[in-house]
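> Kindly return the folded structure for what I paste below:
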Amino acid sequence: MSRILTIIALLLYFGVSSFAAFEEETVLLYLFDEEVDDEATDLSEFGNHGEITDAEWTKEGKLGGALVFDGASSLIEVPHHESLFPGGDELTIEAWFKPASFPGGHPPIARKGSVPESGWGFDTPGGKIRGFVYTAPGDPVVAQGATPMKIDTWHHLAMVYDGSEIRIYLDGELDGEAPRKGDINNNDASVWIGKKAIESVWLDGTLDELRILNIAITEEQIQEDMEGIVFAVEVTGKLTTTWGRIKTESRR
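Numbers count the residues shown, from 1 in each chain. This next block holds a predicted model:
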C-alpha cells in the first residue's frame, strides 16, 4: 500500500504527462513482470497479447520480471492486428536482452512476417544487432550493427525507422544506420518474437521491456527508456489515472 501511495503522490506532484512515455503511440508493451500461463500480456491499449511457447518466466529480469528463451523451441506469436502495421513510415522497437549464446542465422528479437512477406524486423546475427524495413515484397534495406554483444550481459537494443533512414542502437548509442525511404510493406502476418517465422532459427537468452511504437523516437528518449518505461493507464472504479507499471528496481 505504501508503494501505491508514493506513486499517487508523485502523479499529483509532477502530473501524469511528466512521466507517461508515448502511451498512445505504443502498440505493444511486454514488461514480463507477472507470470501468466502461456500469455505475454500487452499493456498497450490495443491488447496485442502473445501466445508463449516453451519460454520460462523469471524474476531475474533487467528491471523486474523477464522471459527466458531457450534457443531451441521458445517463442511468442502475436496475431496480426492493424496496430502492428504502422501504416506509414515510422517505427520503433526496443528491448532489454541478455544473450545466453549466439545461434546461427538471424535470431529475431521481433519481426513482422516471414521473409517473403516481411514488413519489418530486428534481429541478432552473430551476436550483433540488425534492423531492416521492407517497403515492398523482396525490397529490404538493412542497418547492420558493428558492436558485438556480450554473453550473460544485459544490453539495451533499439531500432528506429523515420521514413528516411533506419537506425539501430546498442546500450543507448548509435551502432548502425542505413538510408531507406517509403512506407513499410503491409502484411497480415503474425509478429514473431524469439523465432524466425517459418524457419528454425531461435533466440537464446532473456528478454525484458519489449516495446513497439508507431513513431520514431529519439536517442535521448531511448536512453530515458533504459531506466524503465513509465506507463499511465485508466483503472475502472479507482482513481482516474494511476501507474500501469513503473520499474524502479536497481539496475543489475
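
> for V201, what are its contacts?
The neighbours of V201, taking Cβ atoms under 8 Å, 6 or more residues apart in numbering as the test, are P103, G104, G105, H106, P107, P108, K195. For the C-beta atoms, the positions are set from N, CA and C on the backbone; glycine is no exception.

> now the strands for the stretch 1-150 of the chain?
26-30, 39-40, 50-53, 56-58, 66-70, 75-78, 91-99, 108-112, 120-123, 130-134, 140-144 (DSSP state E, counting those that start in this stretch).

> other SSEs contacting the shortest one?
With contacts defined as 3 or more Cβ pairs under 8 Å, 6 or more residues apart in numbering; DSSP states H and E, the packing partners of strand 39-40 are strand 50-53.

> Averaged pLDDT, the strand it packs on. What do you get?
Across strand 50-53, pLDDT averages out at 97.

> List the buried residues in it.
Within strand 50-53, the residues scored as buried using 16 or more other Cβ atoms under 10 Å are G50, I52.

> what does stretch 210-223 give?
L210, R211, I212, L213, N214, I215, A216, I217, Q221, I222.

> check which helix or strand covers the first one.
Yep, that's L210 we're talking about. strand 204-213 (DSSP states H and E).

> Name the strands paired with that strand and say parallel or antiparallel.
strand 26-30 (antiparallel), strand 66-70 (antiparallel), strand 91-99 (antiparallel) (DSSP bridges).

> tilt between the first one and strand 108-112?
The one in question is strand 26-30. Put simply, strand 26-30 runs at 140 degrees to strand 108-112, going by axes from the mean of the first three to the mean of the last three Cα atoms, to 10 degrees.

> Go ahead and produce CSV holding the CA coordinates of strand 26-30.
Provided in CSV are the C-alpha atoms of strand 26-30 (Å, rounded to 0.1, in the frame of the first residue of the first chain):
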residue,chain,number,x,y,z
THR,A,26,2.8,2.3,-28.1
VAL,A,27,1.2,-0.6,-30.0
LEU,A,28,2.8,-3.4,-27.9
LEU,A,29,4.4,-3.4,-24.5
TYR,A,30,5.6,-6.5,-22.7
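
> what comes into contact with it?
Contacts of strand 26-30 (Cβ under 8 Å, 6+ apart): 40-44, 46, 48, 50, 67, 76, 78, 83-84, 86, 191, 207, 209-214, 229, 231.

> Quick one: low-confidence residue ranges for the stretch 51-200 of the chain.
The model of the stretch 51-200 of the chain has pLDDT under 70 over residues 86-87.

> if we go to 80?
85-87, 115-116 (pLDDT under 80).

> can you map out the helices along it?
Ranges of helices in the stretch 51-200 of the chain, per DSSP state H, counting those that start in this stretch: none exist.

> mind listing the strands for the stretch 151-252 of the chain?
Using DSSP E, counting those that start in this stretch, strands in the stretch 151-252 of the chain cover 155-161, 165-170, 173-179, 191-193, 204-213, 231-234, 241-245.

> got a markdown table for those, with distance to I93 too?
A markdown table is the format used below for the strands of the stretch 151-252 of the chain (distance: least, Cβ to Cβ, whole Å):
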| stretch | distance to I93 |
| --- | --- |
| strand 155-161 | 5 |
| strand 165-170 | 9 |
| strand 173-179 | 14 |
| strand 191-193 | 10 |
| strand 204-213 | 5 |
| strand 231-234 | 17 |
| strand 241-245 | 19 |
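
> if we can go back for a sec, output the strands paired with strand 204-213 in TSV; the columns should cover distance to V160 and mean neighbour count.
Listed next are the strands paired with strand 204-213 as TSV, based on distance: least, Cβ to Cβ, whole Å; neighbours: other Cβ atoms under 10 Å:
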stretch	distance to V160	mean neighbour count
strand 26-30	14	25
strand 66-70	23	23
strand 91-99	5	24
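
> All set, thanks.
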